[in-house]
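A.B. asks: Model the structure of this input:
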Amino acid sequence: MGQAILVTGASGNVGRPLVEYLLAAGESVVAAVSSRSLKPDQERLYYRAFDFTDPQSWEACLEGVDRVFLMRPPHISKIDRDIAPFLRRLKDRGLRSVVFLSVQGAESTTLVPHHRIEELCAEFNLPYTFLRPSFFMQNLSTTHLPEIRDERRLFVPAGNGRTNFIDVRDIAELAALVLRGDGHPRTAYSLCGPKSYSYGEVAAELSVALGRPIRYDNPGALAFLAYHLKRGRSLGMSLVMLALYTIVKLGKGDSTTDDARRLLGRDARSLSSFLAEHKPLFLPDNAKAGGDHEKR
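C.D. replies: The predicted model follows:
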């Protein structure tokens, strides 16, 4: 295999395009997936069953690996119990790079589990790079898709707070650049799209792009939790979503930096172009709801 890159969350929103970028660049990739989604190995692409809570799954995934892309599964919130042992194992491997997909503001927001993972990466003296993206544009086409498509509303407890959005394809391209490059250890990048929006403005953008009115509903915390629990999301994931939207409501989600533009050498994708590209997903004729992905 040679020196390879382990990608946790390889079947996820960021993991899928990241694997594609790395393979296109000639890298060997170990795609960590659940056992039920294992696929046959391909040239330079090796599928391995992985579970943060199962140490027996780690060694086959780490064999021949010198770099790791780390993503916290949305259902894991007990970091010291479920993530720390794996990070401690990475400490002993002499890795070249550990790139962690964090969230915007994680360095100062203890409410989000990503904060503790960042602390542990530093405590274990890992060669970390933290990618702190703003909210995913794909949250609109996955987590919020049923309410936008079927209910013609955006149901988000963000008040009048503003949010910056970034496309996961830009995050994946940036992660590939960092994993393949030098000069990034113990660095954090705040990854943003070109512009911030209030959710009322997002609803207006959706209305224009789809040619049908989409309203913004600003629920209270209990109503928001009840809505997502009824849709089958776990309490832990629903609480993390609420915490992230609370950050926005408090005015701490409106941060735009040039890190993404500088690293990519171009502007990140715009929200309007994303909505135009994905318009068919949001229309009622499309009956397939998107996956269950955590907000960023």
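A.B. asks: Can you give the distance from the lengthiest helix in the chain to the centre of its chain?
C.D. replies: When the chain is scanned for its longest helix (criterion: DSSP state H), the result is helix 235-249. Distance of helix 235-249 from the chain centroid (Cα atoms, centre = their mean, to the nearest Å) equals 14 Å.
A.B. asks: Give the buried residues for that helix.
C.D. replies: For helix 235-249, the neighbour count (16 or more other Cβ atoms under 10 Å) marks 237-249 as buried. In this view, the C-beta of every residue, glycine as well, is placed from N, C-alpha and C.
A.B. asks: got it, and stretch 168-179?
C.D. replies: 168-176, 178-179.
A.B. asks: Could you do stretch 67-83 as well?
C.D. replies: Buried residues in stretch 67-83 (16+ other Cβ under 10 Å): 67-74, 76-77, 79, 82-83.
A.B. asks: got the CA coordinates for that stretch in PDB?
C.D. replies: Extracted in PDB, the C-alpha atoms of stretch 67-83 (Å, rounded to 0.1, in the frame of the first residue of the first chain):
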ATOM      1  CA  ARG A  67      -1.900  10.800   7.700                       C
ATOM      2  CA  VAL A  68      -5.500  10.800   9.100                       C
ATOM      3  CA  PHE A  69      -8.600  12.700   8.300                       C
ATOM      4  CA  LEU A  70     -10.700  12.800  11.500                       C
ATOM      5  CA  MET A  71     -14.400  13.300  11.600                       C
ATOM      6  CA  ARG A  72     -16.600  12.900  14.600                       C
ATOM      7  CA  PRO A  73     -19.700  10.800  13.800                       C
ATOM      8  CA  PRO A  74     -22.900  12.900  14.700                       C
ATOM      9  CA  HIS A  75     -24.100  10.200  17.100                       C
ATOM     10  CA  ILE A  76     -21.000  10.400  19.300                       C
ATOM     11  CA  SER A  77     -21.100  13.000  22.000                       C
ATOM     12  CA  LYS A  78     -19.100  11.400  24.900                       C
ATOM     13  CA  ILE A  79     -15.700  12.300  23.600                       C
ATOM     14  CA  ASP A  80     -13.500  11.200  26.500                       C
ATOM     15  CA  ARG A  81     -15.100   7.800  26.400                       C
ATOM     16  CA  ASP A  82     -15.600   7.200  22.700                       C
ATOM     17  CA  ILE A  83     -13.000   9.300  20.800                       C
END
